[in-house]
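**Student:** Got a predicted structure plus its sequence, pasted below:
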Amino acid sequence: MKILIWDKSIILKNCGGPAGYLWNMKQFINKNPDDEISFYSDLVEKKDKKRVFFFSLLLLIITILRAKTLTKIISTYFTFGALSKREKKLIEKFDYVHFHSIASAHAYNKYIQKLGCKTILTLHSPEPVIDEESAHNMRLKRFLCKYITVRNYFIKKEIMQLNECDYLMFPVPEALECYTNTSNLYNDFFSNSKTQSKTFFVPTCIPDMEKVDRCNMIGKLKLPPAAKILCYVGRHTTIKGYDYLKEIAIKLFEKDENIYVIVGGKEDGNKLLHDRWLELGWVNTNQLIQDVDVFILPNQQTYFDLIALEIIRAGVPLVTTLTGGNKYLSKVNSGGISFIPNSNAKKAAEILVEIINSNLNKAREKNRELFLSHFEYSIFVSKYKKTVSNL
């Protein structure tokens, strides 16, 4: 059995989404060569510098013209790819090609299947793809909310790609809730027996963390010695719980004058105006979390957060909501993860105050143990290969 990971047009980097997911996989495979798993980017010559330059320039122009969202939607739903002779010869050597985006499946799936190769598709969006693409464009978002038929048109196109691939892989069954809870079309699709027969699950894992140099990010903020630090890193969106976190923070600040909320991620000018709410912008998460007391993920919907695994790996106490993929964490939790309601800021604050003021050493130890027993990357690779070989 040989699997080709289709990372064409995906720039792998240590972040969220498919880019981070595949970056973690590639880091592990590079250190532990595997004859059964290969990456497209390793086997096909990269684009020349001139083409990369003009592509980057095009992206810059699109961004300046504020057409980035529209361009992304067009490339996701309406563009088609073509396979070169070299790519066809490459694909014929594999049994499976694994896509990690709707756009890739839309562009290449039918051509690959014609070569006798089975295809697998994994989504990484915490909501229907069209909702994620429109999240940062309020005009488009309002338009889609008003004209549900248009939104459903795009969702049908997403489902069409899922339907046309031979197999679907997701981390855990609970992760599907972010689709089924927000769209009747998705609910009907995943309830279908045909869909269920070709869907399989492999819990996401990440490589163990190499030693990170301490940079004392928190020390540079000159917080008082008694400061207790609650940290969040991620997108500043409603679905990720950023707005809910602000509600919680207001309650926390009223209850305990020593609690500070440290936030990482791209700022959007919508931060909470309070002297104990500190926005750091883009940060190195692995460096930052070494100096925090508790990490919070106040998700309103959850797929299966890579950052949650990073927190567990670092042995940092995690507080999150019991939504989607987080329900799987509750099943394997050994004591380092706590849960708050996803719509009651007062109750959430009460739980957090109690956690932050408790002895956190045991929770740290439990999360580190949990990572090694459930989420270390060799566990993923072994289960992934075994599951695919039995398809």
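**Tutor:** Happy to help now that I have it. Note that the structure is a prediction, hence the values are computed from the model and not measured.

**Student:** which regions of the stretch 51-200 of the chain lie under the pLDDT threshold?
**Tutor:** When the per-residue scores of the stretch 51-200 of the chain are filtered using pLDDT under 70, the ranges that remain are 51-75, 77, 135-138.

**Student:** Which residue ranges of it form helices?
**Tutor:** 68-77, 85-91, 102-114, 129-134, 138-146, 148-164, 177-180, 184-191, 193-197 (DSSP state H, counting those that start in this stretch).

**Student:** among those helices, which is nearest Leu272?
**Tutor:** Checking those against Leu272 by C-beta to C-beta gives helix 138-146 as the closest, at 20.0 Å. Bear in mind the C-beta positions are built from the backbone N, C-alpha and C, glycine included.

**Student:** related to what we said a few turns ago, who wins for proximity to Trp277 among the helices of the stretch 51-200 of the chain?
**Tutor:** helix 138-146 (23.4 Å).

**Student:** Next, the buried residues of that closest one.
**Tutor:** With burial defined by 16 or more other C-beta atoms under 10 Å, the residues of helix 138-146 counted as buried are 140-141, 144.

**Student:** Compile the helices of the stretch 51-200 of the chain into JSON lines and extend it with columns for distance to Lys331.
**Tutor:** Formatted as JSON lines, the entries for the helices of the stretch 51-200 of the chain read as follows, by distance: least, C-beta to C-beta, whole Å:
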{"stretch": "helix 68-77", "distance to Lys331": "33"}
{"stretch": "helix 85-91", "distance to Lys331": "38"}
{"stretch": "helix 102-114", "distance to Lys331": "29"}
{"stretch": "helix 129-134", "distance to Lys331": "26"}
{"stretch": "helix 138-146", "distance to Lys331": "34"}
{"stretch": "helix 148-164", "distance to Lys331": "26"}
{"stretch": "helix 177-180", "distance to Lys331": "14"}
{"stretch": "helix 184-191", "distance to Lys331": "20"}
{"stretch": "helix 193-197", "distance to Lys331": "20"}
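
**Student:** and Asp256, which of those helices is closest to it?
**Tutor:** For Asp256, the closest of the helices of the stretch 51-200 of the chain is helix 177-180, at 32.5 Å, according to C-beta to C-beta.

**Student:** Outside of that closest one itself, list whatever touches it.
**Tutor:** Applying C-beta atoms under 8 Å, 6 or more residues apart in numbering, the external contacts of helix 177-180 come out as 123, 125-128, 186-187, 190-191, 301-303, 323-324.

**Student:** Kindly reformat those as a markdown table containing neighbour count and distance to Asn361.
**Tutor:** Compiled in a markdown table, those are given as follows (neighbours: other C-beta atoms under 10 Å; distance: C-beta to C-beta, whole Å):
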| residue | neighbour count | distance to Asn361 |
| --- | --- | --- |
| Leu123 | 25 | 38 |
| Ser125 | 18 | 37 |
| Pro126 | 28 | 32 |
| Glu127 | 20 | 37 |
| Pro128 | 23 | 41 |
| Tyr186 | 21 | 42 |
| Asn187 | 15 | 43 |
| Phe190 | 20 | 41 |
| Ser191 | 10 | 45 |
| Gln301 | 22 | 32 |
| Thr302 | 27 | 27 |
| Tyr303 | 28 | 31 |
| Thr323 | 22 | 28 |
| Gly324 | 26 | 29 |
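
**Student:** Can you list which of those residues are found in strands?
**Tutor:** Within the contacts of helix 177-180, membership in strands is found for no residue, as judged by DSSP state E.

**Student:** Just put those residues in JSON lines and tack on distance to Asn333.
**Tutor:** Putting the contacts of helix 177-180 into JSON lines (distance: C-beta to C-beta, whole Å) gives the following:
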{"residue": "Leu123", "distance to Asn333": "25"}
{"residue": "Ser125", "distance to Asn333": "25"}
{"residue": "Pro126", "distance to Asn333": "21"}
{"residue": "Glu127", "distance to Asn333": "25"}
{"residue": "Pro128", "distance to Asn333": "29"}
{"residue": "Tyr186", "distance to Asn333": "28"}
{"residue": "Asn187", "distance to Asn333": "28"}
{"residue": "Phe190", "distance to Asn333": "26"}
{"residue": "Ser191", "distance to Asn333": "28"}
{"residue": "Gln301", "distance to Asn333": "20"}
{"residue": "Thr302", "distance to Asn333": "15"}
{"residue": "Tyr303", "distance to Asn333": "18"}
{"residue": "Thr323", "distance to Asn333": "15"}
{"residue": "Gly324", "distance to Asn333": "15"}
